[in-house]
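S.K.: Sequence and computational prediction follow.
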Amino acid sequence: MGKECSAKIIGIARHRIATDGEGVTTLVGFWGCPLRCQYCLNPQSLKEGEHFQTYTPAELYEKVKIDQIYFLATNGGITFGGGEPLLHPNFLHEFRELCGPQWNITLETSLNVPLEHLQRANEAVDNYIVDIKEMDPEIYKRYTGKENHRVFENLKWLVENTDPASILVRIPLIPDFNTEEENQKSEAFIRQMGIEKIDRFLYKKEIHKLV
């Protein structure tokens with residue numbers, strides 16, 4: 001094995017139930033994101049300075065294994081969010097080798113990364129929570145500052161190479177950016193791809209506004 005990788009972590013939240021996947025979970029947030037969303041839940045994932053701590057996979061495993069009894073009893077485990085966890089596919093792969101197959105690993109991701117990152121990380125992941133933002137390319141770019149062609153490509157690859165039941169797609173109604181009709185179109189498109197687990201919800205911009 002080559003030199004162990006490391007990543008910047010903005011936070012570790014233990015004992016989460018029914019919010020980030022099945023069972024009792026620990027949410028681990030990565031620093032760094034390819035998007036610049038107008039309303040950001042975790043703006044600290046974009047800030048430079050003292051907003052993170054650097055961990056190797058082994059150091060993170062030692063930190064979170066304290067809750068293994070809860071993970072095993074409830075089919076829980078670790079949910080990696082951020083930021084964008086798929087910016088760190090090797091970290092995820094090494095972490096899986098440490099924790100073994102018993103823990104349930106979930107990714108909260110925008111999928112806006114190179115396909116090879118997803119392919120590498122997929123070997124270590126059980127479930128995905130995909131924050132799709134918006135399927136319309138123009139609205140997506142206006143909201144995130146980025147193109148969404150990678151999102152289409154990666155979601156299609158996931159459907160073809162994993163169990164679609166392991167994918168939850170979150171589709172937000174974003175004030176000032178999309179409409180209920182556009183939201184419905186995004187849902188219809190996702191369902192046509194073969195994904196049935198869909199969560200539509202409303203962004204509260206006074207909470208998420210990135211300043």
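M.R.: Structure's in. What do you need? As the structure is a computational prediction, the values presented were derived from the model and not from experiment.

S.K.: So which residue is smack in the middle of this protein?
M.R.: Centroid check for the chain by C-alpha atoms, centre = their mean gives residue 108 as the closest residue, at 1.7 Å.

S.K.: Any stretches of this structure with poor pLDDT?
M.R.: 1-4, 205-211 (pLDDT under 70).

S.K.: Mind giving me the packing neighbours of the longest strand along the chain?
M.R.: Determined from DSSP state E, the single longest strand within the chain is strand 7-17. Contacts defined by 3 or more C-beta pairs under 8 Å, 6 or more residues apart in numbering; DSSP states H and E place strand 7-17 against strand 24-30, strand 53-55, helix 57-64. For glycine as for every other residue, the C-beta is placed from the backbone atoms N, C-alpha and C.

S.K.: SS state for the residue nearest to the centre of the chain?
M.R.: strand (DSSP: H, G, I helix; E, B strand; the rest coil).

S.K.: Please name the nearest non-neighbouring residue to it.
M.R.: Counting by C-beta to C-beta, 6 or more residues apart in numbering, the nearest residue to residue 108 once its immediate chain neighbours are dropped is residue 81, at 3.8 Å.

S.K.: do the same with residue 123
M.R.: Per C-beta to C-beta, 6+ apart, closest to residue 123 is residue 93, 6.3 Å.

S.K.: Now the one you found, what are its backbone angles?
M.R.: phi -60, psi -40 (degrees, to the nearest 10).

S.K.: what residues are up against it?
M.R.: By C-beta atoms under 8 Å, 6 or more residues apart in numbering, the residues touching residue 93 are 120, 121, 123, 124.

S.K.: my read: the last one touches residue 99, true?
M.R.: Meaning residue 124. No: if you go by C-beta atoms under 8 Å, residue 124 and residue 99 don't touch, sitting 9.3 Å apart.

S.K.: Overlap in contacts, the two.
M.R.: residue 105.

S.K.: those strands in this structure, which residues are they?
M.R.: Counting by DSSP E, the strands of the chain are 7-17, 24-30, 53-55, 77-81, 104-109, 127-131, 167-173, 198-202.
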